[in-house]
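[1] sequence unknown, structure follows:
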């Protein structure tokens, strides 16, 4: 949680259009410190430490409330322009960038899309996106472990998506904090790779509870790793019955047709896409509902 992880250094957040222009959004997070007597004080930058013996005030609720108000503004801004925004989240290395690069390349003129790229440092992933010819805005969060609604607001201003287009938001690689922060997106897409283990839904429940679509990536490696797709789906069903679910390999292209079909449906309707095909289709390369 951001009240304890120390993320969100105000001076650390940078938004770049990859042409050298940087901005610093003015939002930080509370930080906790422990004195010599073992007492913990939680505060925001610019506030004095509480005196010994005073009560600790938890600021997480206020932080999330402020974020939710900004997210609602983002949601209205996107809806008013008919722009679909997909918040793509995963642990580091699960294949978010590879999936987006392949999607932008293969869909070509079918999908008018731009990307807002979140990382703590560097523009390495944004450079890969830019090589597809699509517009991309880099957000470097510094010590921050997630994007928030204010960062997305700045990113959208810089990206300036066309009405009716699509925005992919590649969040910072992390299965914890990004789940807590509503950005105002149309839908949340969570990627888990088969190299991570099929127990991730239970170990990181908030992330999978928030998901509209769960993608199991790197299916080409299933013969070589200990990952049970059916067991992973069962775990998702236990915590989130509304989520849709598919498996694919962004590296080989296996199962991508189902992903593209999901995008086609999601970008053609105003509601968040949570009502896809259910039931009896095979898991690999097919969209299922986790119920």
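    Everything's here; your move. As the structure is a computational prediction, the values presented were derived from the model and not from experiment.
[2] just give the nearest non-adjacent residue to residue 197, would you?
    Using CB to CB, 6 or more residues apart in numbering and skipping the chain neighbours, the partner closest in space to residue 197 is residue 227 (6.7 Å). C-beta coordinates here come from the backbone N, C-alpha and C atoms, glycine included.
[3] and what of residue 92?
    residue 173 (3.4 Å).
[4] that neighbour contacts residue 95, correct?
    No: Residue 173 is beyond contact range of residue 95, at 10.5 Å (criterion: CB atoms under 8 Å).
[5] quick one, what contacts the closest residue to residue 190 other than its chain neighbours?
    Closest residue in space to residue 190, ignoring its immediate chain neighbours: residue 211 at 4.1 Å, by CB to CB, 6+ apart. For residue 211, the contact set (CB atoms under 8 Å, 6 or more residues apart in numbering) comprises 188, 189, 190, 236, 240, 243.
[6] ok, now with 7 Å
    Residue 211 makes contact with 188, 190, 240, 243, according to CB atoms under 7 Å, 6 or more residues apart in numbering.
[7] isn't the residue nearest to residue 92 up against residue 88?
    No: Residue 173 is beyond contact range of residue 88, at 10.5 Å (criterion: CB atoms under 7 Å).
[8] of those two, which one has the most company?
    residue 88 (24 against 21; other CB atoms under 10 Å).
[9] can you tell me the centre-most residue of the protein?
    Nearest residue to the geometric centre of the chain (CA atoms, centre = their mean): residue 89, 3.3 Å.
[10] any chance you could list what contacts the helix or strand where that one lies?
    Taking DSSP states H and E as the definition, residue 89 sits inside strand 84-90. For strand 84-90, the surrounding residues in contact (CB under 7 Å, 6+ apart) are 78, 96, 100, 166-171, 173, 178, 183, 185-192, 207, 266-267.
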